[in-house]
Structure formats: structure tokens, C-alpha cells
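Peer 1: could you work out the structure for the sequence below:
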Amino acid sequence: MRELRIIVACADSERLRAALVTASAQAALGGKAAVFLQLDAVALLRAPIAARLDEAHEAAGLPTLALLLEDAVALGVALFACQSGLALSNLSASDLPKGVEMSGPIAFLQQTSGDARLLFA
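Peer 2: Numbering: from 1, shown residues only. Below is the predicted model of the structure:
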């Protein structure tokens, strides 16, 4: 199975939700998956993690954004936060949720093989 790598390029919680669901599905099927939150998207990792549509998702029996993040980590999805995005969001590495590492776009792309699927959310 081809590796799946997703770049979340803006601070839209629903784009991150979709990236986490897709990456988690890939991991559940036995494939490798990674999500990179670039620049402004890093602000979505500020505690407490919440999304604008969390209540609607919970009412429909679906997980919140925070739970999706925890589940992705548990499934082995690699999660990365842009170093510049941390600075833009006034966050530090110690503010990141468990399982999220600091990285940069160059490192993320260097780790992306030629046959990996690379998606933007």
C-alpha cells in the first residue's frame, strides 16, 4: 500500500478533521500515514483542542477533533507541526499534544517517497 502524506495548509478545523480521518483510515488498513500542519494550521493544536463543529459531530455520534487526534496517534499516524507555524501561533514544542513532533516543510518533503500519495487539505 502506498504511503499517504497530507499537508494541512490553513487553520480550518474541518480540513484537519478530514485529514485525521483519512490518515487514520490508511493506518487502520495497515498503511503508513503522516499529517503535516503548515504555518497557520498549527494554531489548531492549541489546548484545549476543539473544532467549530464538534457539537454537531458529537450529536451524530462522531468523535471530536481532540479524540480524532488521539486516535490517529494511537493508530501510528505520524503528526508534524511546522516550526514556523509554532512561532506564528505563539506556541512552543512543549505546547504540542502528545504524539505531535516539530518539523519543517523541507524535512517533511525529504521523507516523502516518490510513490507516496501527497494530498493538501
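
Peer 1: hey, what's the most centrally placed residue in the chain bridged with?
Peer 2: By CA atoms, centre = their mean, the chain has its centre lying nearest to residue 35, at 4.3 Å. On the basis of DSSP bridges, residue 35 is bridged to residue 6, residue 79.

Peer 1: and the most far-flung residue of the chain relative to its centre, how far is that from residue 53?
Peer 2: In the chain, counting by CA atoms, centre = their mean, residue 59 sits farthest out from the average C-alpha position, at 23.1 Å. Residue 59 sits 10 Å away from residue 53 when distances are taken as CB to CB, to the nearest Å. Just so you know, the C-beta spots here come from the backbone N, C-alpha and C atoms, and that holds for glycine as well.

Peer 1: equivalent analysis for residue 116, please.
Peer 2: 29 Å.

Peer 1: and residue 22, by the same measure?
Peer 2: Applying CB to CB, the value for residue 22 to residue 53 is 17 Å.

Peer 1: and for residue 25?
Peer 2: Separation of residue 25 from residue 53 (CB to CB) stands at 19 Å.

Peer 1: show me where the protein has its strands.
Peer 2: Remark: strands assigned in the chain by DSSP state E are 4-8, 33-37, 78-82, 100-103, 117-120.

Peer 1: most neighbours per residue, which of those strands?
Peer 2: Highest mean neighbour count among the strands of the chain (mean count of other CB atoms under 10 Å): strand 33-37, with a mean of 27.

Peer 1: which pLDDT value does the model give residue 72?
Peer 2: Looking at residue 72, its pLDDT is 98.

Peer 1: mind listing what it touches?
Peer 2: Shown in contact with residue 72 (CB atoms under 8 Å, 6 or more residues apart in numbering): 20, 23-24, 27, 35, 79, 99.

Peer 1: can you give me the angle the lengthiest helix in the chain makes with strand 4-8?
Peer 2: Longest helix in the chain, counting residues (DSSP state H): helix 13-28. Relative orientation of helix 13-28 and strand 4-8, computed by axes from the mean of the first three to the mean of the last three CA atoms, to 10 degrees: 170 degrees.

Peer 1: what angle sits between helix 13-28 and strand 78-82?
Peer 2: Comparing the axes of helix 13-28 and strand 78-82 via the same axes, to 10 degrees yields an angle of 150 degrees.
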